[in-house]
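# turn this into a structure:
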Amino acid sequence: MWIKIILVLGIIVIGVLLARPASGDRHLALRRLFMVFLVAVAIVAVLLPDWLTWLAHLIGVGRGTDLLLYVLVIAFLVFVSTTFRRNVVLDRKIALLTRAVTLAEARAEDAEQNQLNVKAPTDDSASSGSA
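Numbers count the residues shown, from 1 in each chain. The predicted structure follows:
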């Protein structure tokens with residue numbers, strides 16, 4: 001009985017932590033609803049493991065633990081796929097930002113160099129003014 005209480009509390013804590021908006025991250029309502037659904041299903045699976053076995057038999061899987069493993073493998077692959085795609089998009093954005101910053105710095109250095117060249121007295125004007 002204690003393990004069920006610990007597992008349910010752990011699932012709830014992890015669900016709350018995952019549903020909280022992270023800084024700069026836009027969480028959609030659909031994502032939060034899906035998280036609440038997964039937390040509810042996880043709690044039911046912990047409290048009523050026979051239900052998971054019944055569901056597994058209903059769809060043609062031998063045991064509830066096998067069904068859980070299959071679902072977790074699919075969820076993991078979806079997570080890896082979406083994370084990979086998000087990283088590709090972020091890498092592209094970082095490359096574009098790096099190029100923009102580099103070009104802006106080069107323009108600023110050119111403008112600063114041009115200002116120094118205009119303001120710097122030449123040797124000829126300095127010697128003719130003192131003579």
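# what ranges does the protein have for its helices?
Here the chain has its helices, by DSSP state H, at 2-19, 29-47, 49-59, 64-119, 123-130.
# dump the ones you listed into TSV; add mean pLDDT as well.
Shown next, in TSV, are the helices of the chain (pLDDT from 0 to 100):
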stretch	mean pLDDT
helix 2-19	75
helix 29-47	80
helix 49-59	89
helix 64-119	88
helix 123-130	56
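# reformat those as CSV; add mean neighbour count.
Using the backbone N, CA and C atoms, a C-beta is placed for each residue, glycine as well. Output for the helices of the chain, formatted as CSV (neighbours: other CB atoms under 10 Å):
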stretch, mean neighbour count
helix 2-19, 13
helix 29-47, 14
helix 49-59, 14
helix 64-119, 11
helix 123-130, 8
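# what are the structural domain limits within this protein?
1-47, 65-118 (automatic domain parsing).
# tabulate those (TSV), appending distance to W54.
Output for the domains of the chain, formatted as TSV (distance: least, CB to CB, whole Å):
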stretch	distance to W54
domain 1-47	11
domain 65-118	10
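# A56: which of these is closest?
Counting by CB to CB, A56 lies closest to domain 65-118 out of those; the figure is 3.9 Å.
# ok now the closest one, how far from the chain's centre?
Relative to its chain's centre, domain 65-118 lies at 11 Å (CA atoms, centre = their mean, to the nearest Å).
# do stretch 103-121 as well
For stretch 103-121, the distance to the chain centre is 40 Å (CA atoms, centre = their mean).
# all set, thanks.
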